[in-house]
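Colleague: Just a sequence and a predicted model for now, questions to come.
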Amino acid sequence: MGDLVNLKQVRKRIARDEAAKQSETNRARFGRTKSERNRDQLQAKRASDTLDQHHIDDRTPA
């Protein structure tokens, strides 16, 4: 005869494994330090400022 399997325990183990996979994915997506967020924000601001400096104004002085 085969081993007895408690289905409740199997379901819980599967749910824990799926939750662990999901949490690993979330850590990769959202788990950034404050300094990393600040660095990215500063780089975006610099890029925007550089783009604004190269903007040609089509308005004619009146």
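Modeller: Thanks, I have it. Residues are numbered from 1 along each chain as shown.

Colleague: mind listing the helices for the protein?
Modeller: Here the chain has its helices, by DSSP state H, at 7-30, 34-53.

Colleague: Keeping just the C-alphas, turn the shortest one into CSV.
Modeller: To tie it back to what came earlier, the one meant is helix 34-53. This file holds the C-alpha atoms of helix 34-53, laid out as CSV (Å, rounded to 0.1, in the frame of the first residue of the first chain):
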residue,chain,number,x,y,z
LYS,A,34,15.7,55.0,-0.9
SER,A,35,19.1,56.0,-2.4
GLU,A,36,18.3,54.0,-5.5
ARG,A,37,14.9,55.8,-5.9
ASN,A,38,16.6,59.2,-5.3
ARG,A,39,19.3,58.4,-7.8
ASP,A,40,16.7,57.5,-10.5
GLN,A,41,14.7,60.6,-9.7
LEU,A,42,17.8,62.8,-10.1
GLN,A,43,18.7,61.2,-13.4
ALA,A,44,15.2,61.7,-14.7
LYS,A,45,15.3,65.4,-13.6
ARG,A,46,18.7,65.9,-15.3
ALA,A,47,17.5,64.4,-18.5
SER,A,48,14.4,66.6,-18.5
ASP,A,49,16.5,69.7,-17.8
THR,A,50,18.9,68.8,-20.6
LEU,A,51,15.9,68.3,-23.0
ASP,A,52,14.4,71.7,-21.9
GLN,A,53,17.7,73.4,-22.6
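
Colleague: Now that we have the helices of the chain, can you turn them into TSV and tack on mean pLDDT?
Modeller: Listed next are these as TSV, based on pLDDT from 0 to 100:
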stretch	mean pLDDT
helix 7-30	95
helix 34-53	93
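
Colleague: okay, these in a markdown table with mean neighbour count next?
Modeller: For glycine as for every other residue, the C-beta is placed from the backbone atoms N, C-alpha and C. Shown next, in a markdown table, are the helices of the chain (neighbours: other Cβ atoms under 10 Å):
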| stretch | mean neighbour count |
| --- | --- |
| helix 7-30 | 10 |
| helix 34-53 | 10 |
